[in-house]
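In: Just to be clear, the model below is a prediction. Sequence and coordinates:
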Amino acid sequence: MLTVPQAARRLGVTRQAVQRVANELVDDLLVELASNPDHRTSPLCRLTDDGRRILARINKIAEVENRRVAHAVGVDVLRVTDRGVRSVTAALRDQ
């Protein structure tokens, strides 16, 4: 479980962007907000049972698609691309 600010830091996006998505997930009953003993005004986001089921389904679909792409372009190409994207991201972050 993470708070909205923790999730934003982990994803490298704004807190506001994560808050909008979190609010929609709460509205759709996929996430619930739990009390946070470390910070009263920043609740923890926790998947509901439906949220866990949907995430598991998304992960299965992603696994199939990831295998398809790896087979189509080759694992070596993916590794080089990953390093390149990480380098570009780091350079942008350092500016």
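Out: Nice, I can see it. Numbering: from 1, shown residues only.
In: Grab the nearest non-local neighbour of the residue nearest the centre of the chain.
Out: With distances taken as Cα atoms, centre = their mean, Leu11 lies nearest the centre of the chain, 6.3 Å away. Nearest non-adjacent residue to Leu11, counting by Cβ to Cβ, 6 or more residues apart in numbering: Val18, 6.8 Å away. Yep, even glycine has a C-beta here, placed from its N, CA and C like the rest.
In: That neighbour: which element?
Out: helix 15-27 (DSSP states H and E).
In: Contacts for that helix next, please.
Out: Under the contact criterion Cβ atoms under 8 Å, 6 or more residues apart in numbering, helix 15-27 has outside partners Val4, Pro5, Ala7, Ala8, Leu11, Val31, Glu32, Leu33, Cys45, Gly51.
In: And for stretch 83-91?
Out: Gly12.
In: what's the average pLDDT for it?
Out: Averaged across stretch 83-91, the pLDDT comes to 94.
In: Equivalent analysis for stretch 14-34, please.
Out: 96.
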